[in-house]
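Trainee: Provided below for reference: sequence and predicted model.
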Amino acid sequence: EAKEAGKARHAVFEPSMYAAIVQRLQLEADIRMAAGAPERSGLFLAYQPIVDLRTGAVRGLEALLRWDHPTRGTVTPSVFVPVAEHTGVIVPLGRWVLEQACTQLMAWRTQWWRERRQPDSVPSVSVNISGRQLAEEDFVDEVAAILQRTGAPAGSITLEITESVIMRNTESSLRTLSALKALGLRLAIDDFGTGYSSLSYLQKFPVDVLKIDRAFVEGVAQGGSDAALARTIVTLGTTLGLRTVAEGVETSSQQEALEAMGCVDGQGYLFSPARPVDEITAWLRVQTGSLAIAV
Ligand code: C2E
Ligand code: MG
Ligand code: MG
Ligand code: MG
């Protein structure tokens, strides 16, 4: 008996768990290395459109990290972003992401100017910011320096910060967000509805956009509590003068239900997945008729 129990206990630490630990350490080392030379390591940005639910007009493009790992193949951000956050590597990596996105915005503006004299019809670009970045003392200065270096107009950049990060430390969030707002950036609360917002704080935060978490969008066409919560968020956004963007719109019945609730913008596979630069540029060109962008 005792022997068997001992054996069983021993087995817990054997090969599968050992392998998992080694894997994890390897991933940590890999992402650290990759962040040091992102382009050469297979890291790149893909862009997913944010569109007007009614007209399909492009409202924005969200930059999303992608990693084609030389030996692992495609690694999803839901795997490597948490590792990068845990180790702090997200700080330099996130800086690279922002600079890359600003540079891409300027490339599109130049292209659009050459082709049709309409740089301002290039949609604004959204960039995800991790809590670790936001907590850095020089974060706002870094952002200002990147805008300066790339020449990207602050008003064409939206920073997405998750609700849970903002609500973790409301006083310092308020200070940082206000400083970013003063630079002219647009601010979005990502994954809204999952982070237990204090409503009194929500009113104080200088944000422009609420992104309704995919969890509520999923069941929005069925009525029920998902629909009720989505409707509440849209109403809240309207009351506070914010735009609401529905995340993860996959079906036209979801699109219709959201539209009926007064949600203006949406993002999801129904419209387009995130695509690499060449593909999204071609996609944007096809949308020519709907390129007039509101700020
Ligand atoms: P997020 O910022 O909430 O991004 C939305 C996620 O939903 C993306 O996953 C996107 O590809 C996915 N998505 C979009 N439309 C649909 C849909 O219709 N159905 C479904 N099922 N999913 C959809 P992705 O690209 O895997 O990124 C996951 C998360 O990783 C992001 O969530 C964000 O939190 C994080 N992330 C990605 N890139 C960055 C980055 O550059 N910096 C930081 N800090 N985090 C990032
Ligand atoms: Mg996001
Ligand atoms: Mg989100
Ligand atoms: Mg998310």
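Mentor: Okay, I see it. Because the structure is predicted, anything quoted here is derived from the model rather than measured. Numbering: from 1, shown residues only. Ligands and ions are numbered 1, 2, ... in the order given.
Trainee: The longest strand anywhere in the chain - contacts with which helices or strands?
Mentor: Assignment by DSSP state E gives strand 58-69 as the longest strand of the chain. Judged by 3 or more Cβ pairs under 8 Å, 6 or more residues apart in numbering; DSSP states H and E, the packing partners of strand 58-69 are helix 16-36, strand 43-52, strand 73-75, helix 77-87, helix 90-116, strand 124-128. Bear in mind the C-beta positions are built from the backbone N, C-alpha and C, glycine included.
Trainee: Does residue 248 belong to a helix, a strand or coil?
Mentor: coil (DSSP: H, G, I helix; E, B strand; the rest coil).
Trainee: which non-adjacent residue is nearest it?
Mentor: In this structure, residue 248 finds its nearest non-sequential neighbour in residue 214, 3.1 Å apart by Cβ to Cβ, 6 or more residues apart in numbering.
Trainee: and the stretch 1-150 of the chain, which residues reach ligand 2?
Mentor: Where the stretch 1-150 of the chain comes near ligand 2, counting by Cβ under 5 Å from the ion, the residues are residue 128.
Trainee: low-scoring stretches of the stretch 1-150 of the chain, by residue?
Mentor: 1-13 (pLDDT under 70).
Trainee: How about the residues of it by ligand 1?
Mentor: Counting by Cβ under 6 Å from any ligand atom, the stretch 1-150 of the chain comes close to ligand 1 at 48, 64, 65, 76, 77, 78, 81, 90, 94, 97, 128, 130.
Trainee: now, among those residues, which is nearest to ligand 3?
Mentor: residue 128 (8.0 Å; Cβ to the ion).
Trainee: thinking again about what came up before, just the buried residues of the residues of the stretch 1-150 of the chain next to ligand 1.
Mentor: In these, burial by neighbour count holds for 48, 64, 65, 81, 90, 94, 97, 128, 130, counting by 16 or more other Cβ atoms under 10 Å.
Trainee: Show me what from the stretch 51-200 of the chain comes close to ligand 3.
Mentor: So the stretch 51-200 of the chain meets ligand 3 at 190, 191 (Cβ under 5 Å from the ion).
Trainee: Pull the contacting residues for residue 134.
Mentor: When contacts are counted by Cβ atoms under 8 Å, 6 or more residues apart in numbering, residue 134 touches 161, 165, 173, 176.
Trainee: Using PDB, write out every CA atom in whichever helix or strand the second one is part of.
Mentor: Using DSSP states H and E, residue 165 falls within helix 163-168. Backbone C-alpha positions of helix 163-168 (Å, rounded to 0.1, in the frame of the first residue of the first chain) are rendered in PDB as follows:
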ATOM      1  CA  GLU A 163     -10.400  46.400 -17.800                       C
ATOM      2  CA  SER A 164      -8.800  44.200 -15.100                       C
ATOM      3  CA  VAL A 165      -5.500  46.000 -15.500                       C
ATOM      4  CA  ILE A 166      -7.100  49.400 -15.200                       C
ATOM      5  CA  MET A 167      -9.100  48.500 -12.200                       C
ATOM      6  CA  ARG A 168      -6.200  46.800 -10.400                       C
END
